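> have a look at this prediction, sequence included:
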Amino acid sequence: MRGYSYQILRSIETWLDLRDGEMLVLEGAEDLDRIGQDGVVVEQVKDIAGSGNVTLRSQSVLEAIGNFWEHLQRNPGTSLCFRFLTTANVGQERGRPFNVDDPGIELWRCVQSAPDSPASGHAAAAIQAFLRAQDMLPIGLRSWLESTSPADFVDRIVLRMEWITGTPDWSSL
(Lines give C-alpha, C1' and ligand atoms only; values in the text may rest on other atoms or scores of the structure.)
Protein backbone atom coordinates (compact mmCIF):
# COMPACT_ATOMS: atom_id res chain seq x y z
CA MET A 1 0.00 0.00 0.00
CA ARG A 2 2.96 2.31 0.58
CA GLY A 3 3.63 2.54 -3.17
CA TYR A 4 0.00 3.26 -3.99
CA SER A 5 -0.21 5.94 -1.29
CA TYR A 6 2.93 7.55 -2.64
CA GLN A 7 1.62 7.55 -6.19
CA ILE A 8 -1.72 9.06 -5.12
CA LEU A 9 -0.02 11.82 -3.14
CA ARG A 10 2.42 12.53 -6.00
CA SER A 11 -0.57 12.72 -8.36
CA ILE A 12 -2.25 15.31 -6.14
CA GLU A 13 0.98 17.29 -5.88
CA THR A 14 1.34 17.30 -9.69
CA TRP A 15 -2.32 18.22 -10.16
CA LEU A 16 -1.93 21.22 -7.83
CA ASP A 17 1.16 22.29 -9.80
CA LEU A 18 -0.47 22.21 -13.27
CA ARG A 19 -0.13 25.35 -15.37
CA ASP A 20 -2.90 26.83 -17.52
CA GLY A 21 -3.55 24.61 -20.52
CA GLU A 22 -1.95 21.53 -18.98
CA MET A 23 -3.78 18.29 -18.33
CA LEU A 24 -2.93 15.44 -15.95
CA VAL A 25 -3.71 11.87 -16.98
CA LEU A 26 -3.40 9.16 -14.34
CA GLU A 27 -2.37 5.66 -15.42
CA GLY A 28 -2.13 6.67 -19.06
CA ALA A 29 1.22 5.94 -20.65
CA GLU A 30 2.81 5.86 -17.18
CA ASP A 31 1.73 6.55 -13.59
CA LEU A 32 1.33 10.28 -14.36
CA ASP A 33 1.23 11.97 -17.75
CA ARG A 34 1.46 15.75 -17.83
CA ILE A 35 0.26 16.98 -21.20
CA GLY A 36 0.79 20.57 -22.28
CA GLN A 37 1.42 22.77 -25.28
CA ASP A 38 5.17 22.12 -25.03
CA GLY A 39 4.79 18.35 -25.08
CA VAL A 40 4.22 15.42 -22.79
CA VAL A 41 6.07 14.39 -19.65
CA VAL A 42 5.35 10.83 -18.56
CA GLU A 43 6.33 10.02 -15.01
CA GLN A 44 6.93 6.75 -13.25
CA VAL A 45 6.65 7.00 -9.46
CA LYS A 46 8.46 4.52 -7.19
CA ASP A 47 8.53 4.44 -3.39
CA ILE A 48 11.30 1.84 -3.24
CA ALA A 49 13.87 3.27 -0.82
CA GLY A 50 13.24 0.28 1.44
CA SER A 51 14.47 -1.99 -1.36
CA GLY A 52 17.86 -0.29 -1.64
CA ASN A 53 19.48 2.08 -4.09
CA VAL A 54 18.87 2.27 -7.84
CA THR A 55 21.48 1.93 -10.56
CA LEU A 56 21.37 1.70 -14.34
CA ARG A 57 21.37 -2.06 -13.76
CA SER A 58 18.26 -2.02 -11.51
CA GLN A 59 15.20 -3.76 -12.89
CA SER A 60 12.97 -0.72 -12.32
CA VAL A 61 15.44 1.57 -14.11
CA LEU A 62 15.87 -0.75 -17.08
CA GLU A 63 12.08 -1.14 -17.30
CA ALA A 64 11.77 2.67 -17.32
CA ILE A 65 14.30 3.01 -20.15
CA GLY A 66 12.52 0.27 -22.10
CA ASN A 67 9.13 1.88 -21.48
CA PHE A 68 10.41 5.24 -22.67
CA TRP A 69 11.72 3.63 -25.87
CA GLU A 70 8.31 2.03 -26.49
CA HIS A 71 6.55 5.37 -25.89
CA LEU A 72 8.87 7.03 -28.41
CA GLN A 73 8.12 4.32 -30.97
CA ARG A 74 4.35 4.66 -30.52
CA ASN A 75 4.39 8.48 -30.56
CA PRO A 76 6.70 9.69 -33.35
CA GLY A 77 6.69 13.44 -33.74
CA THR A 78 5.54 14.03 -30.16
CA SER A 79 7.78 16.02 -27.84
CA LEU A 80 8.04 13.37 -25.15
CA CYS A 81 10.09 13.27 -21.95
CA PHE A 82 10.28 10.63 -19.23
CA ARG A 83 10.66 11.28 -15.52
CA PHE A 84 11.61 8.51 -13.08
CA LEU A 85 10.87 9.71 -9.57
CA THR A 86 11.85 7.54 -6.61
CA THR A 87 12.50 7.63 -2.90
CA ALA A 88 15.56 5.44 -3.49
CA ASN A 89 19.02 6.94 -3.69
CA VAL A 90 21.56 6.37 -6.44
CA GLY A 91 23.76 3.33 -6.03
CA GLN A 92 27.02 2.24 -7.64
CA GLU A 93 27.04 -0.46 -10.32
CA ARG A 94 29.30 -3.42 -9.58
CA GLY A 95 32.40 -3.93 -11.65
CA ARG A 96 32.97 -0.34 -12.89
CA PRO A 97 31.12 -0.88 -16.22
CA PHE A 98 31.74 2.73 -17.28
CA ASN A 99 35.48 2.71 -16.48
CA VAL A 100 34.99 5.53 -13.97
CA ASP A 101 34.09 5.58 -10.30
CA ASP A 102 30.85 7.51 -10.83
CA PRO A 103 27.51 5.68 -10.64
CA GLY A 104 25.78 5.33 -14.00
CA ILE A 105 22.85 7.58 -13.11
CA GLU A 106 25.27 10.31 -11.98
CA LEU A 107 27.23 9.89 -15.20
CA TRP A 108 23.93 10.24 -17.12
CA ARG A 109 23.24 13.49 -15.25
CA CYS A 110 26.74 14.78 -16.11
CA VAL A 111 26.05 14.16 -19.79
CA GLN A 112 22.77 16.07 -19.46
CA SER A 113 24.51 19.05 -17.88
CA ALA A 114 27.10 19.43 -20.67
CA PRO A 115 25.96 17.30 -23.63
CA ASP A 116 28.44 18.76 -26.12
CA SER A 117 31.59 18.36 -24.05
CA PRO A 118 34.19 15.74 -25.05
CA ALA A 119 33.89 14.11 -21.62
CA SER A 120 30.13 13.76 -22.13
CA GLY A 121 30.73 12.10 -25.48
CA HIS A 122 32.91 9.45 -23.83
CA ALA A 123 30.45 9.01 -20.95
CA ALA A 124 27.50 8.69 -23.34
CA ALA A 125 29.34 6.07 -25.38
CA ALA A 126 30.07 4.09 -22.20
CA ILE A 127 26.43 4.26 -21.07
CA GLN A 128 25.27 3.31 -24.56
CA ALA A 129 27.58 0.28 -24.64
CA PHE A 130 26.41 -0.76 -21.18
CA LEU A 131 22.74 -0.54 -22.16
CA ARG A 132 23.31 -2.50 -25.40
CA ALA A 133 24.35 -5.46 -23.25
CA GLN A 134 21.23 -5.39 -21.03
CA ASP A 135 19.03 -8.29 -22.17
CA MET A 136 16.10 -6.88 -20.23
CA LEU A 137 15.80 -3.96 -22.68
CA PRO A 138 13.64 -4.34 -25.81
CA ILE A 139 15.51 -5.81 -28.74
CA GLY A 140 14.55 -2.84 -30.92
CA LEU A 141 16.22 -0.47 -28.48
CA ARG A 142 19.34 -2.62 -28.24
CA SER A 143 19.54 -2.78 -32.05
CA TRP A 144 19.15 0.98 -32.27
CA LEU A 145 21.85 1.46 -29.61
CA GLU A 146 24.14 -0.73 -31.72
CA SER A 147 23.72 1.39 -34.83
CA THR A 148 23.27 4.96 -33.59
CA SER A 149 25.92 7.49 -32.66
CA PRO A 150 26.53 8.58 -29.07
CA ALA A 151 25.34 12.09 -30.05
CA ASP A 152 22.03 10.70 -31.32
CA PHE A 153 21.71 8.57 -28.17
CA VAL A 154 22.18 11.72 -26.08
CA ASP A 155 19.63 13.73 -28.09
CA ARG A 156 16.96 11.06 -28.29
CA ILE A 157 17.26 9.35 -24.89
CA VAL A 158 19.65 10.92 -22.37
CA LEU A 159 18.43 14.50 -22.59
CA ARG A 160 14.81 13.39 -22.43
CA MET A 161 15.00 11.10 -19.37
CA GLU A 162 15.17 12.63 -15.93
CA TRP A 163 16.22 10.67 -12.84
CA ILE A 164 14.79 12.19 -9.65
CA THR A 165 16.15 10.17 -6.74
CA GLY A 166 16.11 10.44 -2.97
CA THR A 167 12.72 12.13 -2.82
CA PRO A 168 10.88 12.27 0.50
CA ASP A 169 8.63 9.33 1.32
CA TRP A 170 4.83 9.43 1.31
CA SER A 171 4.56 10.72 4.87
CA SER A 172 6.49 13.86 3.86
CA LEU A 173 4.20 14.50 0.91
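The structure has been received and is ready for your questions.

> return the distance of residue 60 relative to residue 44.
8 Å (CB to CB, to the nearest Å). C-beta here means a position set from N, CA and C on the backbone, and glycine is covered the same way.

> common neighbours of those two, please.
Each of residue 84 lies in contact with both residue 60 and residue 44 under the rule CB atoms under 8 Å, 6 or more residues apart in numbering.

> quick one: the strands in this structure, in order.
All strands of the chain, identified by DSSP state E, fall at 23-26, 32-36, 39-46, 80-86, 161-164.

> partners of the last one, with directions?
What it means is strand 161-164. Each strand paired with strand 161-164, and its direction, by DSSP bridges: strand 80-86 (parallel).

> taking strand 39-46 as reference, get the angle to the partner strand.
Counting by axes from the mean of the first three to the mean of the last three CA atoms, to 10 degrees, strand 80-86 lies at 20 degrees to strand 39-46.

> centre of the chain versus strand 80-86, how much separation?
Relative to the centre of its chain, strand 80-86 is centred 5 Å away, using CA atoms, centre = their mean, to the nearest Å.

> what does it rub up against?
Taking CB under 8 Å, 6+ apart as the rule, strand 80-86 contacts 10, 30, 39-49, 54, 60-61, 64, 67-68, 71-72, 160-167.

> buried residues in that strand?
Buried positions in strand 80-86, judged by neighbour count with 16 or more other CB atoms under 10 Å: 80, 81, 82, 83, 84, 85, 86.

> same question, stretch 138-157
In stretch 138-157, counting by 16+ other CB under 10 Å, buried: 141, 142, 144, 145, 150, 153, 154, 157.

> which of those residues sit farthest apart?
With CB to CB as the measure, no two of those lie farther apart than 142 and 154, at 17.3 Å.

> quick revisit: more neighbours, residue 60 and residue 44?
residue 44 (20 against 14; other CB atoms under 10 Å).

> most remote residue from the protein's center?
residue 20 (25.7 Å; CA atoms, centre = their mean).

> distance of that one relative to residue 36?
From residue 20 to residue 36 the distance is 9 Å (CB to CB).
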